[in-house]
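**Student:** one predicted model, sequence on top.
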Amino acid sequence: MSSEQSAALDQRPGIVKVLLASPILGPVVALLLACIFFAVMSPRFLSGPNFSLILQQVMVVGVLAIGQTLVIITTGIDLSNGMVMALSGVLIASFASQKGLNPFLAITIGLLVAMGLGLLNGGLVTGIGLPAFIVTLGTLNIAYALTRIYTTSTITNLPSALTFLGNTFSLGGTAIANGTILMLVLYGITWFMLKYTPAGRSVYAVGDNVEAARLAGINTRRVLLGVYTIAGLTYGIAAVLQLARTGVGDPQAGQTSNLDSITAVVLGGTSLFGGRGSIVGTLLGALIVGVFRNGLQLLGVESTYQVLITGILVIAAVSVDQLTHRK
Amino acid sequence: MNLKRLAVLGLVIPLITACGSTPSTGDSGAAPAKGSGQIIVGLITKTETNPFFVKMKEGAQAKATELGVKLLTGAGAKDGDNEGQVTAMENMINAGAKGIMITPSDTKAIVPSIQKARAAGVVVIALDTATDPQSASDALFATDNFAAGTLIGQWSAKAMAGKTPVIATLDLAPGITVGAQRHNGFLQGMGLVSGIVATSTDLATSKEVVCAQDTHGDQTEGQTAMENCLSKNSNINLVYTINEPAAFGAYTALKNAGKEKNVTIVSVDGGCQGVQGVVDGKIAATSQQYPLKMASMGVEAIVKYAKDGTKPTGYTDTGVTLITDKAQASVTSKDSTFGLANCWGTK
């Protein structure tokens, strides 16, 4: 059986073997080609300030996509993340600027609410065994409604502690937003956790085959609850970044973020069937979307074409994943 | 395997730095282009799809071509998408735009980003919708939405003379200035309320309004809203709608209920399809506005700023005309022939 499989493997073309060995090669090549294309087409693309801007523009979706990656590795999907972010963001903004709470206390409350909704998602998925798609569709609507019930108007005059992450510092003449550093640090931590800790490895194990993972002695329920709660935490952090980026608490924020974050995850080569995926790939996926949006705008191309290209890239990414892993 | 992944990572990091750390060519990316050939003008609309904004873009493009400047366009993914507009604005500043015209999706939320743009030396003109506060942008080129509402209100008061109005209002969405101004203007024009502050974002009400529903300016939602209003009160005889898609939705609901003959629908926008609705007798009267003119005036103002440094300031009323084929005494209006010839056009 296993020798048959390896024989079949050997017959695969070289490119498939390369892709199997390094799943993020695809996104790397795509990002590189996009960068070269836009650098040739626009003299303004290849500059420190512009690339710093792209990082700034992807930081919110980038951080949402960290949680989304974890959930998708466990064969789940999270449709609620943008709305959880909006709710958390509005609460933080309102507590800090309207109710005069200490901004850090306000942030803590926002993070706890986001984690609570994540825990609720995880609890329903593991406890009752509901499909993640349906559970998070439910919490999407709940979080949306709670946000609108809480406020329908934009919250302005945020204290400086809330906009700190949107401020920039100068690195070799290029202004870098504090929030982009936070995003990169979060990616670093997640990468390390997934790769080098037993907890991280058990996330892959649960996604690959939940029954096998259970038989191997992994507490699969705890892993899933942990994944959804940590995902919730990343949505709360994304809310803080969102406040810092736009400078306001926006009850209409995040309405397309769920699909945007799934797009980043899929472009990054993480399999929607679970068990396989790389967090570095997700960062690349988010950057690919950001580079196309920025580059096409610099060229004066209508934003509809950016949507078109994203659609084509998503199908290409999923096809590559499917073809290289076909048994 | 691990080594290979590490090797790929090794590829990624220089790539990111390669994209990121190359020194900028010439001027610093954050400042607008200095003396580099063509003038760049930006236009950011709420969405790409709404015909109103399509027309606005046409107007801007025609004027940009005429003056030999480059037009960059952008939009939110949907109505209310503030971050999409912020992103478009940042990219345009980086592209070296001299000035940016924007129809803010969220009048308050966009303000910090506009402040950043102005600090970078970019002139910002709000089109169609004022920022909150209005002084956040350099200038505002827009329809007086309160006046637009007042016109259809005054017309309705005359047209309904002798009948007791039973009114449904199909509004935009909570907290949006444009929606409140048209709604309040309508009620004040009808003489049902008085002394309303034109900039209020709260919807006024009176006992004649038996049903008020949000439609987001959408035809399907307009139909649903009208159906709900009819089941609430079947005697409705006057329907105010935020725009013509909502009006067409209301007409469909009334027609399905067999009531389209006895109910008067009034609206705002004066788009080509909307005026056709006046011709077809579906909409009784509509206040026509001129998005193409707003955009072409905006391009002119930015090009002037780029050439001689004169910034546009304050509010410029781009005008509104009542279009109806049932003219009422002492209410100034034009017929649908005029309306079709000028639908969203340059006038």
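**Tutor:** Perfect, thanks for sending it.

**Student:** tell me the helices and strands packed up against whichever strand or helix holds residue A:169.
**Tutor:** The secondary structure element spanning residue A:169 is strand A:168-171 (assigned by DSSP states H and E). Contacting strand A:168-171 under the criterion 3 or more C-beta pairs under 8 Å, 6 or more residues apart in numbering or on different chains; DSSP states H and E are the following elements: strand A:174-177. Every C-beta, even on glycine, is put in place using the N, C-alpha and C of the backbone.

**Student:** returning to that earlier point: for the strand holding residue A:169, C-alpha coordinates in PDB please.
**Tutor:** As requested, the backbone C-alpha atoms of strand A:168-171 are provided in PDB (Å, rounded to 0.1, in the frame of the first residue of the first chain):
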ATOM      1  CA  THR A 168       4.800  55.800  12.300                       C
ATOM      2  CA  PHE A 169       8.500  55.700  13.200                       C
ATOM      3  CA  SER A 170      11.300  56.300  10.700                       C
ATOM      4  CA  LEU A 171      13.500  53.500   9.600                       C
END
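
**Student:** quick one: average pLDDT of that strand?
**Tutor:** For strand A:168-171, the mean per-residue pLDDT is 88.

**Student:** how about it, which residues are buried there?
**Tutor:** Taking 16 or more other C-beta atoms under 10 Å in any protein chain shown as the basis for neighbour counts, the residues of strand A:168-171 that come out buried are residue A:168.

**Student:** sheet-wise, list the partners of it with their directions.
**Tutor:** The pairing partners recorded for strand A:168-171 under DSSP bridges are strand A:174-177 (antiparallel).

**Student:** distance between the strand it pairs with and the chain's centre?
**Tutor:** Here strand A:174-177 is found 22 Å from its chain centre; the criterion is C-alpha atoms, centre = their mean, to the nearest Å.

**Student:** OK, contacts around residue B:144?
**Tutor:** Listed by C-beta atoms under 8 Å, 6 or more residues apart in numbering or on different chains, the contact partners of residue B:144 are B:317, B:320.

**Student:** read off the pLDDT value for the residue nearest the centre of chain A.
**Tutor:** For chain A, residue A:65 is the residue whose C-alpha lies nearest the centre (C-alpha atoms, centre = their mean; 0.5 Å). At residue A:65 the predicted local distance difference test score is 97.

**Student:** domain map for chain B?
**Tutor:** Listed domain ranges for chain B are B:29-143+B:291-312, B:145-288+B:321-341 (source: automatic domain parsing).

**Student:** how about the strands in the stretch 51-200 of chain B?
**Tutor:** Listed in chain order, the strands found in the stretch 51-200 of chain B under DSSP state E, counting those that start in this stretch are B:70-75, B:99-102, B:123-127, B:139-142, B:167-171.

**Student:** contacts for the second one, please.
**Tutor:** By that I understand strand B:99-102. Around strand B:99-102, the neighbours that count as contacts under C-beta under 8 Å, 6+ apart are B:41-45, B:60, B:85, B:89, B:92-93, B:110, B:114, B:117, B:122-127, B:137, B:141, B:295, B:298-299, B:301-302, B:305-306.

**Student:** so residue B:122 makes contact with residue B:95?
**Tutor:** No: the criterion here is C-beta atoms under 8 Å, and residue B:122 misses it with residue B:95 at 10.6 Å.

**Student:** what number of residues lie near the closest residue to residue B:76 other than its chain neighbours?
**Tutor:** Leaving out its chain neighbours, the residue that sits closest to residue B:76 by C-beta to C-beta, 6 or more residues apart in numbering or on different chains is residue B:84, at 3.7 Å. By other C-beta atoms under 10 Å in any protein chain shown, 21 other residues sit near residue B:84.

**Student:** just the pLDDT at residue B:84, thanks.
**Tutor:** We have a pLDDT of 91 for residue B:84.

**Student:** list the contacts of it.
**Tutor:** Taking C-beta under 8 Å, 6+ apart as the test, what residue B:84 contacts is B:74, B:75, B:76, B:77, B:105.

**Student:** make it 7 Å
**Tutor:** B:75, B:76, B:77 (C-beta atoms under 7 Å, 6 or more residues apart in numbering or on different chains).

**Student:** residue B:319 versus the second one, what's the distance?
**Tutor:** Which is residue B:76. Note on residue B:76: its distance to residue B:319, by C-beta to C-beta, to the nearest Å, is 26 Å.

**Student:** so for those two, which sits in the more crowded spot?
**Tutor:** Just comparing residue B:76 and residue B:319: by other C-beta under 10 Å the higher neighbour count belongs to residue B:76, 27 against 15.

**Student:** quick check: the more buried one touching residue B:44?
**Tutor:** No: under the criterion of C-beta atoms under 7 Å, residue B:76 is not in contact with residue B:44, lying 8.1 Å apart.
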